[in-house]
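Trainee: any chance you can model this:
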Amino acid sequence: MTRARALLGCIADDFTGATDLANNLVRAGMRVVQAMGVPKAPLDTEADAIVVALKSRTIPKDEAIAQSLEALKWLQAQGAEQIYFKYCSTFDSTAAGNIGPVTDALMQALGTDFTIATPAFPDNKRTVFKGYLFVGDVLLNESGMQNHPLTPMTDPNLVRVLQAQTESRVGLIDHSVVAQGEAAIRACIDQLKAEGVRMAVVDAVSNADLLRLGPALKGMPLVTAGSGVAIGLPGNFGVTPSNEAARLPAAQGLQAIVSGSCSVATNQQVMDFIKAGKPALAIDPLRIAAGVDVAAEALAWAEGHIGNGPVLVYSTAEPSAVRAIQGKLGSEKAGAMVEDTIAAIARGLVQRGVRQLIVAGGETSGACVQALGVTQMRIGAQIDPGVPWCHAVAPDAKDGLHITLKSGNFGSTDFFTKAFAQLQA
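Mentor: Residues are numbered from 1 along each chain as shown. Below you'll find the model as predicted:
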């Protein structure tokens, strides 16, 4: 058995975020394996980076900390030289965390007194300037994220957001410092540490900023960030870009999409698919709550279409519709019911021969891969920034399954069509 050569050990707080991070590492030349949850045994394949995907973004704080520390312990056992705590590029969290509390716990476990924090991902139009997070040309709280059903983001000032979640002092490494490169960044870190700062939000408005930041993070025990910072880290380990790192087996089988995201981007992707005249079925949470076997209905519908090309089953809705359903059922109950139903549909589709599956939405992705029994994925080529195709073996797909876990906010309007076209190229 070959032990993994884990240069970088990563802990992601949701499943799409994990593949988002892994995608950037693969593009930079690292061979990456993603584990769904903390493995029970050592990894049995070679990898430069291992990403442990948790579903910890919105669970109670103490549970998120416990899961993250368990992942840390396992990654350390694989020999990881640096730990990367990955969260969403929109800094998704509740007022209490879990970004701050998990960071504090990881710092304590690693015996380190300083780390950085930045969700900047310019390829997906997430930039940080003067500590403020922009999504495209607007501030975070004007981007649609203020309407997120689980983690509404109403304050774009990341120093303020993070400070509310931790007793550690939070500071800022602003763009004027980042623009000067590694030496200036390191000097700023030393100054902040002398002032008692333990976490520093870092500005980045371009990939050039992230590439300047990367060398300054060499040897830092813990890095916390979205996936953007990953482009600047592989070089610290002597790794260079290579197409071989993204090679996956040839695609086969039927095609399907399941979507539980209610983000602006996913709404547009669903509408694009429907406007193209392709088969799509909407899931009604109120019918699920009434006891109707919606999953069985959806699978019966899919059987009539799936042989002719990709099908879409979705619960995507506009913010007003989401709020109306939450008002009737409660936000947690509504979310859990939809996730469980879509996960059952995803498994049923794979049992019916789907071997190319797109899953849209972070929470939905977590539910689906758990229902499918996927425990590890090899990360392949990028479809859109932050979203790669992956390959896994599952109980209902022993011949292999190509799957992509798309963050709700990511991807072009024609993402669903483009993704399948790429696999056939």
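Trainee: helix, strand or coil: sort out residue 359 for me.
Mentor: Assigned by DSSP: H, G, I helix; E, B strand; the rest coil, the conformation of residue 359 is strand.
Trainee: state the number of residues packed around it.
Mentor: Residue neighbour count, defined by other Cβ atoms under 10 Å, stands at 28 for residue 359. (C-beta placed from N, C-alpha, C; glycine too.)
Trainee: mind listing residues that contact stretch 74-82?
Mentor: By Cβ atoms under 8 Å, 6 or more residues apart in numbering, the surrounding residues in contact with stretch 74-82 are 3-11, 38-39, 42-43, 50, 52, 83, 219-223, 233, 237.
Trainee: change it to 10 Å
Mentor: Stretch 74-82 has contacts (Cβ atoms under 10 Å, 6 or more residues apart in numbering) with 3-11, 35, 38-43, 47, 49-52, 72, 83-84, 109-110, 217-223, 233, 236-237.
Trainee: out of those residues, which sit inside helices?
Mentor: Among these, the members falling in helices (DSSP state H) are 72, 109-110.
Trainee: which of those sits closest to residue 283?
Mentor: Nearest to residue 283 out of these is residue 72 (Cβ to Cβ; 36.7 Å).
Trainee: look up phi and psi at the closest residue to residue 260 other than its chain neighbours.
Mentor: Excluding the flanking residues, the one nearest residue 260 by Cβ to Cβ, 6 or more residues apart in numbering is residue 364, at 3.2 Å. Geometry field for residue 364 lists phi and psi as phi -60, psi -40, criterion degrees, to the nearest 10.
Trainee: residue 364 reaches residue 263, doesn't it?
Mentor: No. If you go by Cβ atoms under 10 Å, residue 364 and residue 263 don't touch, sitting 11.2 Å apart.
Trainee: okay, those two: which has more neighbours?
Mentor: residue 364 (29 against 26).
Trainee: partners of residue 197 in the sheet?
Mentor: Using DSSP bridges, the beta-bridge partners of residue 197 come out as residue 169.
Trainee: any idea how far it lies from residue 357?
Mentor: 44 Å (Cβ to Cβ, to the nearest Å).
Trainee: higher neighbour count, those two?
Mentor: Ranked by neighbour count (other Cβ under 10 Å), residue 197 and residue 357 place residue 357 first, with 24 against 19.
Trainee: residue 202: neighbour count?
Mentor: 29.
Trainee: now do the same contact list for the closest residue to it other than its chain neighbours.
Mentor: Of all residues not flanking residue 202 in the chain, residue 118 sits nearest, at 4.1 Å (Cβ to Cβ, 6+ apart). Listed by Cβ under 10 Å, 6+ apart, the contact set of residue 118 reads 89, 91, 126-128, 131, 133, 158, 173, 178, 200-204, 209-210, 213, 223-226, 228-229.
Trainee: residue 216 is in contact with residue 116, isn't it?
Mentor: Yes. Taking Cβ under 10 Å as the definition, residue 216 is a contact partner of residue 116 at 8.8 Å.
Trainee: overlap in contacts, the two.
Mentor: Common neighbours of residue 216 and residue 116 (Cβ under 10 Å, 6+ apart) are 173, 185, 189, 202.
Trainee: please name the nearest non-neighbouring residue to the third one.
Mentor: Residue nearest to residue 189 in three dimensions, not counting chain neighbours: residue 114, with 6.5 Å by Cβ to Cβ, 6+ apart.
Trainee: show me where the stretch 101-250 of the chain has helices.
Mentor: Here the stretch 101-250 of the chain has its helices, by DSSP state H, counting those that start in this stretch, at 158-163, 175-178, 182-194, 207-216.
Trainee: with respect to residue 56, which of those lies nearest?
Mentor: Minimum separation from residue 56 across these (Cβ to Cβ) falls at helix 158-163, 16.9 Å.
Trainee: which residues touch the closest one?
Mentor: Outside helix 158-163, the residues that touch it by Cβ under 10 Å, 6+ apart are 91, 93, 95, 97, 99-100, 103, 117-120, 128, 130-133, 140, 153-155, 157, 168-172, 199-203, 224.
Trainee: roughly how far is the longest helix seen in the chain from the heart of the chain?
Mentor: Longest helix of the chain, by residue count under DSSP H: helix 331-351. Distance, stretch centre to chain centre, for helix 331-351: 19 Å (Cα atoms, centre = their mean, to the nearest Å).
Trainee: re the thing from before, which ones among the contacts of helix 158-163 map onto strands?
Mentor: Secondary structure from DSSP state E places 117-118, 128, 132-133, 169-172, 199-202, 224 of the contacts of helix 158-163 in strands.
Trainee: which of these count as buried?
Mentor: For the ones in strands among the contacts of helix 158-163, a burial check counting by 16 or more other Cβ atoms under 10 Å picks out 117-118, 128, 132-133, 170-172, 199-202, 224.
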